[in-house]
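Colleague: Okay, predicted coordinates and the sequence, questions at the end:
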Amino acid sequence: MPITLDKKLAAIDILRKENIFVMDSERAETQAIRPLQILVVNLMPKKQNTEVQLLRHLANTPLQLQVDFLYMASHHSKNTSSDYLKTFYKTFAAVEEKRYDGMIVTGAPVETLPFKEVDYWDELSKIFEWSKTHVYSTLHLCWGAQAGIYYHYGIDKHPLPEKLSGIYEQSINQDSSNPMLQGFDDVYKCPHSRYTTTHPKDVTASSDLEILAQSPVVGVSIASTPDLRQIYSFGHLEYSRDTLAQEYKRDLRAGLGPIMPVNYFPNDDPSQEPRMVWNLAASTFFSNWINYAVYQETPYDLQRLREGVPFHGYL
């Protein structure tokens with residue numbers, strides 16, 4: 001089954017060239033089924049790149065998804081035109097009365113700032129609070145994970161001595177029966193790109209979250225509430241093959257003296273194409289979220305989120 005998008009969204013052409021099944025909204029309206037409602041809070045500067053990265057994995061499911069994109073009205077975007085945002089994105093005010101099966105909160109290049117100094121923190125905090133009653137399962141990515149775990153549990157991030165950039169191995173919690181780990185190998189690889197980290201001891205001491213994957217280098221990689229209503233992924237499994245390369249070259253041009261992403265370029269040679277070694281883990285992760293955290297748990301009637309009726313699955 002396809003993912004349903006506005007037929008003018010630029011990502012549609014890219015996804016179709018990759019043989020990923022997408023359906024425009026006009027065709028989807030002729031099908032007598034209830035698609036899963038997904039909201040993507042896109043905090044990344046280059047929003048079109050992030051759209052493709054996420055939709056590539058969300059479309060890899062037998063379910064039909066209806067995806068809305070949301071931007072921060074309290075933030076001025078320097079990399080995405082206002083016309084594009086007005087055409088393809090919604091504001092929180094426009095979706096505040098809606099309910100969603102799932103929500104994704106992306107990363108953002110603001111992690112060196114204290115959370116409350118981020119110019120859209122108040123708006124994002126309202127979304128986090130709203131999600132408790134209007135979203136069944138929320139997936140937080142990278143800085144979105146740090147922001148979410150800080151808002152919900154008061155767990156702060158910690159600065160690293162240098163940027164964590166590259167492809168790193170993480171080990172899963174083999175004692176866990178959490179369905180988010182279904183199909184994962186004991187060790188998997190994932191891109192990370194950040195200046196701060198979340199310590200496992202902070203998570204275990206201050207929350208009911210289960211740590212699903214971690215490593216001594218990256219800290220907590222994936223954590224989840226027992227009911228899968230909140231999932232935190234501190235890496236970038238959604239990244240494309242060349243995303244870290246683009247970030248590295250951007251920082252070189254800006255004169256920032258970045259470290260070369262580790263375990264990324266063959267022979268540490270930036271002129272060579274990076275190897276894609278995390279795609280299977282990424283596909284497994286996003287498919288598990290859609291299947292186990294959203295589809296099998298969310299109520300068929302989303303109004304039940306508001307009414308507080310116990311959940312008994314999708315059907």
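Modeller: Ah, there it is. Residues are numbered from 1 along each chain as shown.

Colleague: would you list every one of the strands in the stretch 51-200 of the chain?
Modeller: Defined through DSSP state E, counting those that start in this stretch, the strands belonging to the stretch 51-200 of the chain, from first to last, are 65-70, 100-105, 135-141, 158-172, 187-197.

Colleague: ignore the last one, the stretch 201-315 of the chain
Modeller: Secondary structure of the stretch 201-315 of the chain, counting by DSSP E, counting those that start in this stretch: strands at 210-215, 219-224, 230-233.

Colleague: Helices of the stretch 1-150 of the chain, start to end?
Modeller: Across the stretch 1-150 of the chain, reading from the start of the chain, the helices by DSSP state H, counting those that start in this stretch fall at 11-17, 25-28, 47-58, 82-88, 92-95, 121-134, 143-153.

Colleague: mean pLDDT lowest for which of those helices?
Modeller: Least confidently modelled of these is helix 25-28, at a mean of 50 by mean pLDDT.

Colleague: For Ala73, which of the strands of the stretch 201-315 of the chain is the nearest?
Modeller: strand 230-233 (24.0 Å; CB to CB). Quick note: C-beta positions are derived from backbone N, CA and C, even for glycine.

Colleague: I'd like the distance between Tyr295 and Thr196.
Modeller: Counting by CB to CB, to the nearest Å, the separation of Tyr295 from Thr196 is 33 Å.

Colleague: and the two? which has more neighbours close in?
Modeller: Tyr295 (21 against 17; other CB atoms under 10 Å).

Colleague: isn't the more buried one right up against Arg34?
Modeller: No: distance between Tyr295 and Arg34: 11.1 Å, which falls outside the contact criterion (CB atoms under 8 Å).

Colleague: quick revisit: list just the one of the strands of the stretch 51-200 of the chain that sits closest to Lys116.
Modeller: Go through the strands of the stretch 51-200 of the chain one by one with CB to CB and the one that ends up closest to Lys116 is strand 187-197, at 15.1 Å.

Colleague: So which bits of that closest one are buried?
Modeller: Of the residues in strand 187-197, those buried by neighbour count under the rule 16 or more other CB atoms under 10 Å are Tyr188, Lys189, Cys190, Pro191, His192, Ser193, Arg194, Tyr195, Thr196, Thr197.

Colleague: One more: stretch 98-117?
Modeller: For stretch 98-117, a neighbour-count test (16+ other CB under 10 Å) marks 99-108, 110-111, 115 as buried.

Colleague: nearest to Tyr153, of these?
Modeller: Closest approach between the buried residues of stretch 98-117 and Tyr153, by CB to CB: Phe115, at 12.5 Å.

Colleague: Contacts only, for the closest one.
Modeller: Phe115 sits next to Trp121, Ala147, Tyr150, Tyr151 when contact means CB atoms under 8 Å, 6 or more residues apart in numbering.

Colleague: Widest-spaced pair of those residues?
Modeller: Set against one another by CB to CB, those have their most distant pair in Trp121 and Tyr150, with a gap of 9.9 Å.

Colleague: Backbone dihedrals for the spatially closest residue to Ile167 that is not a sequence neighbour, please?
Modeller: Spatial nearest neighbour of Ile167, excluding adjacent residues (CB to CB, 6 or more residues apart in numbering): Asn263 at 4.4 Å. Its backbone dihedrals place Asn263 at phi 60, psi 40, with angles given as degrees, to the nearest 10.

Colleague: Hmm, Asn263 is touching Leu164, no?
Modeller: No: proximity of Asn263 to Leu164 does not meet the contact threshold set by CB under 8 Å, at 11.8 Å.

Colleague: quick one: which of the two has more around it?
Modeller: When neighbours are counted by other CB under 10 Å, Asn263 and Leu164 differ, and Leu164 comes out ahead with 21 against 14.

Colleague: how many other residues sit next to Gln182?
Modeller: For Gln182, the neighbour count with other CB under 10 Å is 12.

Colleague: go on, Gly183?
Modeller: Neighbourhood size, Gly183 [other CB under 10 Å]: 13.

Colleague: need the contact list for it.
Modeller: Thr284, Asn288.

Colleague: Now do Gly148 against Lys132, distance only.
Modeller: 12 Å.

Colleague: And for Arg34?
Modeller: Here Arg34 is placed at a distance of 23 Å from Lys132 (CB to CB).

Colleague: and if you look at Gly257?
Modeller: Following CB to CB, the distance that separates Gly257 from Lys132 is 42 Å.

Colleague: More neighbours: which of those two?
Modeller: Neighbour count, other CB under 10 Å: between Gly257 and Lys132, Lys132 has more, with 12 against 7.

Colleague: Glu111 touches Arg194, doesn't it?
Modeller: Yes: with the criterion set as CB under 8 Å, Glu111 and Arg194 qualify as a contacting pair; they are 5.7 Å apart.

Colleague: Many thanks, have a good one.
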